[in-house]
Each structure stands twice: as C-alpha cells, then as structure tokens.
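Q: pasting a predicted model and its sequence here:
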Amino acid sequence: MTPVLKEKIIKVCDQKIKTKGENVGVSFYAFFKNKNDNPELLMEAATWWIKTHKLDHFEKAIKIKGLVENI
C-alpha cells in the first residue's frame, strides 16, 4: 500500500470515528470523491479491500484503520 493511500484511509477513518462514533462503517469508496479523479489509487484501494483482505462492502472504520496502521 502506498503511503498516500495509507494516510488518506487513516485520515478519513479518524474523521468518521470522531463525528459518528466507533461503530461507523465505511466502504473503500469513502476515501474518494464521487468523481473518479484518481483511478490508479481507487484500484489500489479496491484491490487491497476486496482481493487482499476479502472484506465486506461495509466494515467498521476502526477495523480498517487498525489494518492499515499495521502495514
């Protein structure tokens, strides 16, 4: 995982947890704008989420943050 994606995921998870609590769920789309302005980074996130970790569409933000911090 690139440092750019790792930083983005942690930042978004922290924001979601802060505003909605520790039970908030996220999908890998949460890390991107509705506009697909960085397809390479989106594919990296999707591959990590779906192929590498076989995660469900929505997972707890705290779980995702923990996985990313341990890379």
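A: Noted; the coordinates are in hand.
Q: hey, let's count contacts and neighbours off CA atoms from now on
A: Noted.
Q: burial of Lys51, as a residue count?
A: 10 (other CA atoms under 10 Å).
Q: who's in contact with it?
A: By CA atoms under 8 Å, 6 or more residues apart in numbering, the contact list for Lys51 is empty.
Q: any idea how far Lys18 is from it?
A: According to CA to CA, to the nearest Å, Lys51 stands 28 Å off from Lys18.
Q: helices of this protein, residue ranges please.
A: 3-20, 39-46, 61-69 (DSSP state H).
Q: wait, which of the ones you listed is closest to Phe28?
A: helix 39-46 (6.4 Å; CA to CA).
Q: can you give the contact residues for the closest one?
A: Residues outside helix 39-46 that contact it (CA under 8 Å, 6+ apart): 1, 5, 28-29, 32, 36.
Q: could you identify the buried members of these?
A: The neighbour count (16 or more other CA atoms under 10 Å) marks 5, 28, 32 as buried among these.
Q: wait, what's in contact with His57?
A: 27-28.
Q: kindly recompute the last result at 6 Å.
A: Residues in contact with His57 (CA atoms under 6 Å, 6 or more residues apart in numbering) are Ser27.
Q: could you check how far it is from Pro3?
A: His57 is 23 Å from Pro3, by CA to CA.
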